[in-house]
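J.: Let's see this in three dimensions:
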Amino acid sequence: AGKAVSPASGRYTWAQYLPCTAYERTHDGYCTQPDRGRTAVHHDKDLLHFCLAPTTSKPRPCPVRSPGVTRMAREITRAIAEARS
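T.: Numbering: from 1, shown residues only. Just a heads-up that it's a prediction; the model follows:
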C-alpha cells in the first residue's frame with residue numbers, strides 16, 4: 001500500500017503531506033489543506049502513525065478523520081478484492 005501514502009516519485013518514501021485525491025476533495029475534512037491542494041497523512045508530532053490525533057498511552061481507534069488511515073485501508077481492501085477476483 002506504499003503508493004497510497006507515498007509521493008508518486010517514490011513509492012517507499014515517507015511524506016507528511018501529499019496531494020489531495022478526488023475522494024478527499026469531495027468529502028469534507030479529508031483534504032486538510034484544500035487551499036494548497038494537499039492533505040496531511042501524518043500528525044505534526046507523530047511521524048510514524050497515520051492518525052492525525054495525538055497518540056495516547058491507551059490504545060484506541062483514531063478519533064478524527066485521517067486521510068492516511070483512509071488511504072491505507074482503501075488500498076489494502078482494493079488489493080484483497082483484486083486477489084479474490
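
J.: Need the contact partners of the helix or strand bottoming out on mean pLDDT in the chain.
T.: One helix or strand of the chain scores below all others by mean pLDDT, DSSP states H and E: helix 67-84, with a mean of 93. Contact with helix 67-84 is made by 1, 3-5, 18, 20-21, 23-24, 30-32, 39-42, 50-52, 62, as judged by CB atoms under 8 Å, 6 or more residues apart in numbering. C-beta: built from backbone N, CA, C; applies to glycine.

J.: Next, count neighbours for residue 13.
T.: 11 (other CB atoms under 10 Å).

J.: Confirm that it sits in a strand.
T.: No: secondary structure assignment places residue 13 outside any strand; it is coil (DSSP: H, G, I helix; E, B strand; the rest coil).

J.: so it makes contact with residue 3?
T.: No: assessed by CB atoms under 8 Å, residue 13 is found out of contact with residue 3, at 10.4 Å.
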